[in-house]
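Novice: attaching a predicted model along with its sequence, questions to come.
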Amino acid sequence: NRVVRQNPGERNYHIFYALLAGATKEHKEQYFLGDPPESFHYLSQSGCLKDKSLNDKELFNSVMDALKVLGFTEEESRDMFKLLSGVLQLGNIEFMTVGGAQIINNQG
């Protein structure tokens, strides 16, 4: 699945990078996204954090405009971004399976 693993040189879904590039400081704090993209395993594992043909901040603004046009409420948009943040946070948790699943490292 593309969320948890990308081929070398391939980025994850654009919305993750757009969220990190375009969200306000307050929203980043609210969603626990204050760290740069390279600090998230799901975004950095392929070695490709930037796409020169895309402006992630402009993409975020376009997504926000589209959500408004489609009638999403602020609360629905906020919930969606919380979910995306949760996915990124889960990628920074490592599990050990000896004797059952235990969290051994949480970098987020």
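Specialist: Everything's here; your move.

Novice: for G71, see how far away the most centrally placed residue in the chain is.
Specialist: Central residue of the chain (CA atoms, centre = their mean): F16, 3.4 Å from the mean position. Distance of F16 to G71, computed by CB to CB, to the nearest Å: 24 Å. C-beta coordinates here come from the backbone N, C-alpha and C atoms, glycine included.

Novice: ok, D51 next?
Specialist: Going from D51 to G71 by CB to CB gives 29 Å.

Novice: neighbour count: those two, which is higher?
Specialist: D51 (13 against 7; other CB atoms under 10 Å).

Novice: list of residues touching the helix or strand harbouring E26?
Specialist: Assigned by DSSP states H and E, E26 belongs to helix 25-30. With CB atoms under 8 Å, 6 or more residues apart in numbering as the test, helix 25-30 has contacts from 20, 33-34, 78, 81.

Novice: confidence score at the residue lying closest to H41 once chain neighbours are set aside?
Specialist: Leaving aside its sequence neighbours, H41 sits nearest to G91 (CB to CB, 6 or more residues apart in numbering; 4.3 Å). Model confidence at G91, given as pLDDT, is 91.

Novice: what is the burial count for G91?
Specialist: G91 has 20 nearby residues by other CB under 10 Å.

Novice: following the helix holding E26, which helix or strand shows up next?
Specialist: Following helix 25-30 in sequence order, the next helix or strand is helix 41-44 (DSSP H and E).

Novice: residues contacting that next one, please?
Specialist: 3-4, 11-12, 16-17, 20, 37-38, 49, 87-88, 91-92, 107.

Novice: neighbours around the closest residue to E58 other than its chain neighbours, how many?
Specialist: Spatial nearest neighbour of E58, excluding adjacent residues (CB to CB, 6+ apart): G22 at 7.9 Å. Counted with other CB under 10 Å, the neighbours of G22 add up to 19.
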